[in-house]
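Visitor: Quick check, what structure comes out for this input:
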Amino acid sequence: MSLNNTLAENDSILKQWASLGKTVLDKDEKTKVAIILKLAEMPSSEIRTHLRTHGLRWNRLREEWYGYVANINSFLCQL
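Guide: Residues are numbered from 1 along each chain as shown. Below is the predicted model of the structure:
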């Protein structure tokens, strides 16, 4: 029997998985901090790696780094 068939026959399993997933995502959202970082010039390769490691992305159009940082203290201490 496939997983798809099992889920189709037992709706409560799917609802339980959805509930658990939502709980984890909601918790993750509450602990992350939104960051927008504009710099006067392009940062060094080391700093760009640090920004990417913490989940920030470069927006070419707006010329800024943006994203959500899970551990703001770690992010700031290493800059």
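
Visitor: And the one residue sitting closest to the centre of the chain, how close does it get to residue 17?
Guide: Closest to where the C-alpha atoms of the chain average out (CA atoms, centre = their mean) is residue 68, at 5.7 Å. As judged by CB to CB, to the nearest Å, residue 68 and residue 17 stand 24 Å apart. Placement of C-beta: from N, CA and C, glycine included.

Visitor: looking only at pLDDT, what's the mean for the longest helix along the chain?
Guide: Identified as the longest helix of the chain according to DSSP state H is helix 11-31. Across helix 11-31, pLDDT averages out at 76.

Visitor: name the helices or strands packed onto it?
Guide: Secondary-structure packing of helix 11-31 (3 or more CB pairs under 8 Å, 6 or more residues apart in numbering; DSSP states H and E): helix 3-9.

Visitor: For residue 40, grab phi and psi.
Guide: Dihedral angles phi and psi of residue 40 (degrees, to the nearest 10) take the values phi -70, psi -30.

Visitor: residues touching the residue nearest to the centre of the chain, list them.
Guide: Taking CB atoms under 8 Å, 6 or more residues apart in numbering as the criterion, residue 68 is in contact with 32-35, 55.

Visitor: Can you flag which of those residues belong to strands?
Guide: 33-35 (DSSP state E).
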